[in-house]
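Trainee: Got a sequence here, can you model it:
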Amino acid sequence: MTENPEDGSMARSAPVMPRDEGEHGSAVTRVATELQEFFGISESLLPCAVVVEPRERRVFAVGLTERITLYRLLKELKIAMEPGIARVNQARSEVARAREDLAGRRRRRWQATEPYGPADRGRIARRLREAAEGMDDDAVRLSHWLSDRLLLARPLTTDERQQADALFALLHGRFGVLPLRERRGLLRAVRRAVDKLNSLDDVPGTPPEPCTDADLRVVDSQIRLSRERLRTREAGLRRALRNIALSPLVLSVTRGLGLEQETTRGLLTWRQCTWPVTVLAAPERRRPTISYEWA
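Mentor: The predicted structure is shown next:
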């Protein structure tokens, strides 16, 4: 059913073949014949479904009947595969979460060590606090305030920017006993650290970023744990995929449907497919033996 965008009415749609019915039928027959010859399946086994297991390099030719239709065979196979597929999906979800966790920790580590990032700002804050010793009370107070403020990963408010500007004005020519070159270098570093803070996004509830060498060591340890966790999850995914072995499922499902494994019945003596082909078909009905006795 398709919806008319103009009035919302529904209309029944019919599939359209790209070529006429006769040509389409001939193409289907030709493909079916080529597959039959490739797998070496006898006409006596038709109709049948061919199941290929590429990992084990095995082929199963399953004979179909009025009772065992293609729909029923596929449905039974899907039911048998569902527990394994659920485990694979769960393992894939765990791998995705582990990868996301590792990427987030690596990104946090990189952001912490980028120029004027948290680690840089932590070092600059300590230098500012040390350099402020011996100055007047206002300069010491503002220097200690800005040293603490550099460790918070969020932009300065309007009032805080005014306090920072006041500190820059006080410290422009009074950095205690620091030589002129170091004084200018430190003041430039403090200004750039403040500019970096002001360029950050103000996200409420953002956890504090690592600023000290000890913080970075903790982050590195967390990255190693995340990497090990990811390896464990990936190994679990590989095991889950290996456990979905199609061959035992096909044999189990067909056995439940009453089919028997044949050795040569339904197969031709020559075929292009080099993989072993196993025939699973309904047992042949034995014809009754009729004996005569002469009185």
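Trainee: quick one: the strands in the stretch 1-150 of the chain?
Mentor: Using DSSP state E, counting those that start in this stretch, the strands found in the stretch 1-150 of the chain span residues 2-3, 10-11, 48-53, 58-63.
Trainee: Tell me which of these lies nearest to residue 225.
Mentor: Closest approach to residue 225 among the strands of the stretch 1-150 of the chain is made by strand 48-53 (38.3 Å; C-beta to C-beta). No exception for glycine: its C-beta is placed from N, CA and C like everyone else's.
Trainee: How about exporting the closest one as PDB, limited to the C-alpha atoms?
Mentor: Output in PDB follows, covering the C-alpha atoms of strand 48-53 (Å, rounded to 0.1, in the frame of the first residue of the first chain):
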ATOM      1  CA  CYS A  48      15.500 -28.500  -2.600                       C
ATOM      2  CA  ALA A  49      17.100 -25.700  -0.600                       C
ATOM      3  CA  VAL A  50      20.900 -25.400  -0.600                       C
ATOM      4  CA  VAL A  51      22.600 -24.100   2.600                       C
ATOM      5  CA  VAL A  52      26.300 -23.100   2.300                       C
ATOM      6  CA  GLU A  53      28.600 -22.900   5.300                       C
END
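Trainee: What residues of stretch 76-95 count as buried?
Mentor: 76-77, 80, 84, 87-88, 91-92, 94-95 (16 or more other C-beta atoms under 10 Å).
Trainee: Show the pLDDT at residue 145.
Mentor: We note a pLDDT of 91 for residue 145 in this prediction.
Trainee: For the residue lying closest to it once chain neighbours are set aside, grab the count of nearby residues.
Mentor: Once flanking residues are discounted, residue 145 sits nearest to residue 163: 6.8 Å by C-beta to C-beta, 6 or more residues apart in numbering. By the criterion of other C-beta atoms under 10 Å, residue 163 has 16 neighbours.
Trainee: before we move on, what about residue 200?
Mentor: 14.
Trainee: A strand includes it, no?
Mentor: No: counting by DSSP: H, G, I helix; E, B strand; the rest coil, residue 200 is located in no strand; its state is coil.
Trainee: Next, find the distance separating it from residue 157.
Mentor: Look at residue 200 and residue 157: by C-beta to C-beta, to the nearest Å, they are 13 Å apart.
Trainee: And residue 163, by the same measure?
Mentor: 10 Å.
Trainee: likewise residue 281?
Mentor: As defined by C-beta to C-beta, residue 281 lies at a distance of 81 Å from residue 157.
Trainee: Same drill for these two, tell me which one is more crowded.
Mentor: Ranked by neighbour count (other C-beta under 10 Å), residue 281 and residue 157 place residue 281 first, with 21 against 10.
Trainee: didn't that one look like it was pressed against residue 259?
Mentor: Yes: assessed by C-beta atoms under 8 Å, residue 281 is found in contact with residue 259 at 5.9 Å.
Trainee: intersection of neighbour lists for those two?
Mentor: By C-beta atoms under 8 Å, 6 or more residues apart in numbering, residue 281 and residue 259 have these common neighbours: 62-63.
Trainee: So in this protein, which helix runs the longest?
Mentor: Looking across the chain with DSSP state H, the single longest helix is helix 70-113.
Trainee: Quick test: name the residue nearest the centre of the chain.
Mentor: For the chain, the residue nearest the mean C-alpha position is residue 96 (4.3 Å; C-alpha atoms, centre = their mean).
Trainee: Which residue is the nearest non-sequential neighbour of residue 269?
Mentor: In space, and not counting its chain neighbours, residue 269 is closest to residue 40: 7.8 Å by C-beta to C-beta, 6+ apart.
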